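>>> here you go, sequence then predicted model.
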Amino acid sequence: MAGHRLILPGQRVLVAVSGGVDSMVLLHSLHELTKLNRWQLTVAHFDHQLRGRASRADAQLVCRTAAALSLPCFSESGDVAGYARQAKISVEMAARTLRHEFLAQTAREQKIPVIALAHHADDQVELFFLRLLRGAGGEGLAGMKRRSPSPADRQITLVRPLLEFTKAELREFAQANGIRFREDATNASNDPLRNRLRNELLPLLVAKYQPGLAGTILRTMDILGGEAEFATETARAWLAESRRPEPTRSGPSYDRLPLAIQRKTLQLQLGELGVIPEFDLIEQLRLTPEKPVNADCGRFLWRQPDGQLIWHTPPATKFNCGQLAVTLKRKTGKAAFGERAFQWKMELLKSFARPKPVAGMEVFDADKVGSKIVLRHWQPGDRFQPIGLKSAVKLQDLFVNAKIPGQQRRELVLATTVDGVIFWVEGLRIGEKFKLTPATRRKLVWKWA
């Protein structure tokens, strides 16, 4: 923990403590080292209000422990579920946002420059697979760094002293040293994707394929992180050089850059322009210079031959950018979006049989759809894999083949998973990856009118 010198001698540190084994071990370990390093510790706890009495018991344990260690403790609660609904984001993202805002605010008020977090090696491995499944690049797959700026305040530094330790090692340490902690019962649920990875996929990989999975993945993350850092710094240097007055420029042209650097220069510029740097967008810009590319609901970008991105205003084409996040955690429910009213029902699939066509109704594998979906309209660049096709194709091409008029296309409703994968488009076949199979355990009956 001390080998990386994440916390300087005499420094003030805000320790984020949830009450779980990871953060309780972090708190006790830092406290044990305080006298040697002259650290000044303060404890912070955020109650997400997601687990009722259990959440309040977590807060009580944290505050009692801080008092026993003679440390100041700041505790606050937030309506994470309500914020998620209001902001139309996942509960996990809402929890992270509110938690970091609370930690940063507390650190500012107490004039503390460093926040210590209890992320560990297992968190890194889970994050690797989460991002791998979502198609992340080298930077994303590199995972969390031992030191990084707070997402809520870049003047405050986050440190993660436990990244090299596994969950099992932390639990063993807690038991050996009599450290009290609380178990989060929601970790046993397989609803969030991270929990399914933790409880199903990773144990299978360890048992059947790679007993040393954690070490292998952590080594891979370290390699990818180093290579991504090199690509980023090279791209930044090239961009700075390319923006100098033309007579003073030197170095290769954009088209002569290595592929990774071409992509990275576009990614950096998209970030500067406030546009989400999705892979498909980067590839469109890279492969089609001097052609308008839809970047953000009707806003178009243009890549010049020298690699620079500029906004482009083509003839106006109106697209409906409205959307509605819908939670499917209850067995039945209703929603209204656009000019459509929707009903859904969750049912156990007792025996597999292909659903018979019924007007105004489709049936999906509920576990593949997930507990949260987004209803929206067609946007340029949308891709969809209807049942029967081997890969996703442009939704516009499917509309053309189905002879759906242009204005009607913009009024149709489609549904996506929380990760943005389209699984249903009004008037077209359902998504291939979301159909019922013999392995389906629950089905989602989806009706509209």
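Great, that's in hand.
>>> where does the prediction get shaky in the stretch 151-300 of the chain?
185-189, 191, 247, 297-298 (pLDDT under 70).
>>> so which residues of it form helices?
Along the stretch 151-300 of the chain, the stretches classed as helices by DSSP state H, counting those that start in this stretch are 167-176, 193-196, 202-208, 213-242, 259-272, 279-287.
>>> tell me which of those lies nearest to residue 153.
Comparison of these against residue 153 by CB to CB identifies helix 259-272 as nearest, at 18.8 Å. From N, CA and C alone the C-beta is placed, and that goes for glycine too.
>>> for the helices of the stretch 151-300 of the chain, which one ends up most surrounded?
Comparing these by mean neighbour count (mean count of other CB atoms under 10 Å), helix 259-272 comes out on top with a mean of 19.
>>> same for that one, what does it pack against?
helix 213-242, helix 279-287, strand 309-312 (3 or more CB pairs under 8 Å, 6 or more residues apart in numbering; DSSP states H and E).
>>> mind running it again at 10 Å?
helix 138-141, helix 213-242, helix 279-287, strand 299-303, strand 309-312 (3 or more CB pairs under 10 Å, 6 or more residues apart in numbering; DSSP states H and E).
>>> output the fourth one as CSV - backbone C-alpha positions only.
Provided in CSV are the C-alpha atoms of strand 299-303 (Å, rounded to 0.1, in the frame of the first residue of the first chain):
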residue,chain,number,x,y,z
ARG,A,299,-25.6,18.1,-35.9
PHE,A,300,-23.0,17.2,-38.5
LEU,A,301,-19.2,17.0,-38.4
TRP,A,302,-16.8,17.3,-41.3
ARG,A,303,-13.3,15.9,-41.3
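>>> now do it: which elements does it pack against?
So strand 299-303, by 3+ CB pairs under 10 Å, 6+ apart, packs with helix 259-272, helix 279-287, strand 293-296, strand 309-312.
>>> could you redo the last one with a cut-off of 8 Å?
Identification of packing neighbours for strand 299-303 by 3+ CB pairs under 8 Å, 6+ apart yields helix 279-287, strand 293-296, strand 309-312.
>>> who does the second one pair up with?
Sheet pairing for strand 293-296, assigned by DSSP bridges, gives strand 299-303 (antiparallel).
>>> how far out from the middle of the chain is stretch 232-245?
29 Å (CA atoms, centre = their mean, to the nearest Å).
>>> who touches that stretch?
Outside stretch 232-245, the residues that touch it by CB atoms under 8 Å, 6 or more residues apart in numbering are 139, 249-252, 254, 257, 261, 264-265, 267-269, 306-308.
>>> before we move on, the earlier item: to residue 352, which of the helices and strands packed on helix 259-272 lies closest?
Going by CB to CB, the one of these nearest residue 352 is helix 213-242, 32.6 Å.
>>> any idea of the angle that closest one forms with helix 259-272?
Orientation check (axes from the mean of the first three to the mean of the last three CA atoms, to 10 degrees): helix 213-242 against helix 259-272 gives 80 degrees.
>>> helix 213-242 vs helix 167-176, what angle?
Interaxial angle, helix 213-242 versus helix 167-176 (the same axes, to 10 degrees): 120 degrees.
>>> how's the chain carved up into domains?
The chain breaks down by automatic domain parsing into domains covering 12-189, 216-312, 323-448.
>>> name every strand pairing with the helix or strand harbouring residue 326 and say which way it goes.
Secondary structure assignment for residue 326, by DSSP states H and E: strand 323-327. Strand 323-327 sits in its sheet next to strand 372-377 (antiparallel), going by DSSP bridges.
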